[in-house]
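Student: sequence and computational prediction follow.
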Amino acid sequence: MASQTKEPDVAIDTLTEPSQGVVDYLRRPLDIFKGYEKHNLSPDIVAGITVAAVAIPQSIAYASIAELPPQYGLYAAVVAGIVGSLWGSSRHLATGPVNAVSMLVLPVLLGVAAVGTPEFLIAASTLAIMVGVLNIALAVLRFGALVTLASRSVLIGFTAGAAIHIAVGQLKNLLQINEPTEPELYHQLAAVVANIHQTHLLSLGLGVGTLILLVALRRLGPRVPAALVAISVAALAVAVFGLESQGVRVVGAIPRNLPPLTWTSLDSLPDLEMIRKMGMGALAVAALGLVEAVASGQALARRSNDRIDSNQEFFGQGVANLASGLFSGYPCSGSFTRSAVAQQVGGRTALTGIVTGVTVLLGMLMFAPYARYIPRAAIAAVLLAIAWGMLERHQILRVFKTSRTEGAIMGVTFLATLVQPLDFAILAGILFSLAFFVIRSSLPRVYQVVPDRLFRHLVHSAKAPVCPQLAVMNIRGPLFFGAVHHIEEELRHNLEENPGQHLLVLRMHGVDIIDLSGIEMLESTVNTYRSFGGDVYLVRLREPVEQVMRDSGFLDFIGLDHVLPQEGAIEHLFEEVLDPAVCTYECELRVFAECQALKKHAYRAQVPPIERVSLDPAHILGVEDFRIMSDNPNALVLDIREPDEFARGHIPGARLMPLRTVLDVGPDLARDRRLLLACRSGRRTQRAMQMLHTMGFDDVYGLRGGILAWRAEGLPVAVEEAPQTS
């Protein structure tokens, strides 16, 4: 069939995870080491040491974002880095302190304690444990697919807003202004402006110099640990020239020990009130951390043709945060920057992350005494450079060019990040993203299709003419309770625009889900069309959808003969269902391939619409009964086809009376004779019988199956020159 060439089904990707339990998640380290190959050891060690050179300054800087001591960032890098690599899903993802999460941690902690107090530090580690428990719970419940519902635009928008927060928050350290930490962006900026006269020029110069050196070193490529070198040079300058005595603030002493336990006694345990106050913040930190970790892991996996098990990654991030909280760290996530470095320098397995954690620990133990000279202005400079990198300008432009919806999600998240508390902003962005997802799921595409110019495919074209009798509608999306109203309205709107389309074909290959509401909507649609003599047909049902239709009884309701195969559907409807009078006499269009060879005949008056009145079944005769009746001298056999059809073969003794002439010739027919009507397949016969019925003829009979059935029985036909008819 030319107009119904088969189209490939659209693949519907679904995230399916294996059925796993806690024991399966815990076995991840065994799987890593059991299949480890020795030739990967050297590349993993080199990559791990390289990433550690990036992780050390970043961890100190990110801890500074959260107003935490530098060792908290280093402890988190060591513990979470090792644990995340052992129990995560990605072989490249580096877990540890990250900028966006650190930015979100600060306002959560400020809600329960003041910066620098013991309660503030306890709250930081407690928050990490809360985040870890939430992540593990999501993994056990196998909710890994949930992370795919948070739009990438949410992360881009939040990261851009967080970059502005970081930049503004570090101005006080770059300028060395005495100003308390405020969670609100406006108050931070206002305080800097009000105290700009306090600027310490030496610290400012040191910070600007560090920034210039950092930018220059980055031009040498990713293998150069630019941040580590720049901070080391700044620390060296402080130590050599005694800048601390000239007022330059430094990081101070870093403990030279293994990551200690957060709680050494029952008295140091957090109270329930602190946990309650951080509950919503923990949820926001967990959501952001998971989105960032899985998004980074998937991006890396695409580069190396790997697969990310999001449930396993949830578990890995959960255990990493839990361990970080227990050993004096704070909330962490997967760092795309450090992970990309690991991949670029040749890291091959999860051992890379373990080597990174061990190297950071050794570096801390060996060089902790020298870290005290690191100037805070240099850390601020590194963070300003990081903030600039967080503004993903190319991705922002790409989002706006690709989708207005995604652009709106990104814009709302960005604005919320600037004017609302950060924990609220990230949750608002995710909820906004989910709302758009639900709306789009509830508004599947429903549109009429017609054959293309070559009659190979059915396409949507708003300007293309459509068949006046038959609507072919595509449905693209799930037929569930949230979508049925929209689909029903679209079908109704199409019927209002094309009232003559009493026949409807629903192409269902784009429907992969259907529920009871969808079934009831289809039943209502069928009833609507059948109420005015029309009907509904289905094409290309997916197996799960067909099974639901079968179980619900819908297939029995509509009739199995109304579920048509892809190939031959339009041909079947053209030959067996469409009104031939409209095709031949009224429609000037040639929409389908089957229309192309159809001879059109002008008609001085429009053929009356087919009346959906029931004809007496006894008046539709089989071939044998029709033959017997035609032998009666009082019977008049009328062939209602066109002259050329009549000439190619007709029932002997039949008289030609084309359907287009019935209204003119019909009144002159003898009313005392029995009228026997025949056409090609029988459809025009029923139309002529109804027309004669309206004229008052009651003794009218038709041949079931037409001349085709007559020939099939082997009965003779007469062939002669076609008579001339008006």
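Tutor: Good, I have the coordinates.
Student: for the residue in the chain sticking out farthest from the centre, give me phi and psi.
Tutor: The centre of the chain is farthest from one residue, residue 633, which by CA atoms, centre = their mean lies 72.7 Å away. The phi/psi pair for residue 633 (degrees, to the nearest 10) reads phi -60, psi -20.
Student: could you do residue 678 as well?
Tutor: The phi/psi pair for residue 678 (degrees, to the nearest 10) is phi -140, psi 150.
Student: contacting residues for it?
Tutor: 626, 637-640, 650-651, 654, 685, 702-703, 706-707, 710 (CB atoms under 8 Å, 6 or more residues apart in numbering). Backbone N, C-alpha and C define where each C-beta goes, glycine included.
Student: name the nearest residue to it, ignoring sequence neighbours.
Tutor: Sequence neighbours aside, residue 703 is the residue nearest to residue 678 in space, at 4.3 Å (criterion: CB to CB, 6 or more residues apart in numbering).
Student: show me the beta-bridge partners of that neighbour.
Tutor: Legend: beta-bridge partners of residue 703 under DSSP bridges are residue 621.
Student: so who does it touch?
Tutor: With CB under 8 Å, 6+ apart, residue 703 has these contacts: 621, 623, 626, 676, 677, 678, 679, 682, 685, 709, 710.
Student: before we move on, what about residue 470?
Tutor: By CB under 8 Å, 6+ apart, the contact set of residue 470 is 501, 503, 504, 505, 573, 578.
Student: may I see those organised as a markdown table, with distance to residue 193 added?
Tutor: Shown next, in a markdown table, are the contacts of residue 470 (distance: CB to CB, whole Å):
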| residue | distance to residue 193 |
| --- | --- |
| 501 | 67 |
| 503 | 72 |
| 504 | 67 |
| 505 | 67 |
| 573 | 74 |
| 578 | 77 |
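Student: tell me which of those residues fall in helices.
Tutor: Among the contacts of residue 470, the ones falling in helices (DSSP state H) are residue 573.
Student: circling back: just the closest of the contacts of residue 703 to residue 289, please.
Tutor: Set against residue 289, the nearest of the contacts of residue 703 by CB to CB is residue 682 (70.1 Å).
Student: check contacts around the residue nearest to that closest one when sequence neighbours are not counted.
Tutor: With CB to CB, 6+ apart as the criterion, residue 682 has its nearest non-adjacent residue at 4.4 Å, and that residue is residue 706. Contacts for residue 706 were tallied using CB under 8 Å, 6+ apart; they are 678, 679, 680, 681, 682, 683, 685.
Student: got the buried residues for stretch 373-388?
Tutor: By 16 or more other CB atoms under 10 Å, the buried positions in stretch 373-388 come out as 373-387.
Student: just the ones of these in helices?
Tutor: When DSSP H is applied, these are split such that 376, 377, 378, 379, 380, 381, 382, 383, 384, 385, 386, 387 fall in helices.
Student: all strands of the stretch 401-550 of the chain, in order?
Tutor: Per DSSP state E, counting those that start in this stretch, the stretch 401-550 of the chain carries strands over the ranges 445-448, 450-451, 458-459, 470-476, 503-510, 535-539.
Student: those strands into JSON lines, with extra columns for mean pLDDT?
Tutor: JSON lines is the format used below for those (pLDDT from 0 to 100):
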{"stretch": "strand 445-448", "mean pLDDT": "90"}
{"stretch": "strand 450-451", "mean pLDDT": "84"}
{"stretch": "strand 458-459", "mean pLDDT": "80"}
{"stretch": "strand 470-476", "mean pLDDT": "92"}
{"stretch": "strand 503-510", "mean pLDDT": "92"}
{"stretch": "strand 535-539", "mean pLDDT": "95"}
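Student: dump the ones you listed to TSV, plus distance to residue 184.
Tutor: Below are these laid out as TSV (distance: least, CB to CB, whole Å):
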stretch	distance to residue 184
strand 445-448	43
strand 450-451	58
strand 458-459	54
strand 470-476	45
strand 503-510	47
strand 535-539	58
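Student: which among those strands is found nearest to residue 493?
Tutor: Of all those, strand 445-448 sits nearest to residue 493, with 9.1 Å by CB to CB.
Student: quick one: the helices in the stretch 1-150 of the chain, in order.
Tutor: With DSSP state H, counting those that start in this stretch as the criterion, the stretch 1-150 of the chain has helices at 22-26, 28-34, 41-65, 70-87, 99-110, 118-140.
Student: which other helices and strands contact the fifth one?
Tutor: Yep, that's helix 99-110 we're talking about. helix 41-65, helix 118-140, helix 152-175, helix 279-304, helix 376-390, helix 422-442 (3 or more CB pairs under 8 Å, 6 or more residues apart in numbering; DSSP states H and E).
Student: tabulate those in CSV, adding columns for distance to residue 527.
Tutor: Formatted as CSV, the helices and strands packed on helix 99-110 follow (distance: least, CB to CB, whole Å):
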stretch, distance to residue 527
helix 41-65, 63
helix 118-140, 45
helix 152-175, 42
helix 279-304, 45
helix 376-390, 57
helix 422-442, 23
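Student: with distance to residue 591 and mean pLDDT added, can I get those helices in JSON lines?
Tutor: Listed next are the helices and strands packed on helix 99-110 as JSON lines, based on distance: least, CB to CB, whole Å; pLDDT from 0 to 100:
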{"stretch": "helix 41-65", "distance to residue 591": "62", "mean pLDDT": "91"}
{"stretch": "helix 118-140", "distance to residue 591": "52", "mean pLDDT": "95"}
{"stretch": "helix 152-175", "distance to residue 591": "41", "mean pLDDT": "86"}
{"stretch": "helix 279-304", "distance to residue 591": "43", "mean pLDDT": "86"}
{"stretch": "helix 376-390", "distance to residue 591": "55", "mean pLDDT": "88"}
{"stretch": "helix 422-442", "distance to residue 591": "31", "mean pLDDT": "76"}
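Student: how about these, which one is nearest residue 235?
Tutor: Nearest of the helices and strands packed on helix 99-110 (CB to CB): helix 376-390, 7.3 Å.
Student: who are the packing partners of that closest one?
Tutor: helix 41-65, helix 99-110, helix 152-175, helix 201-218, helix 226-241.
Student: give the buried residues for the longest one.
Tutor: Going by neighbour count (16+ other CB under 10 Å), the buried part of helix 41-65 is 43-45, 47-65.
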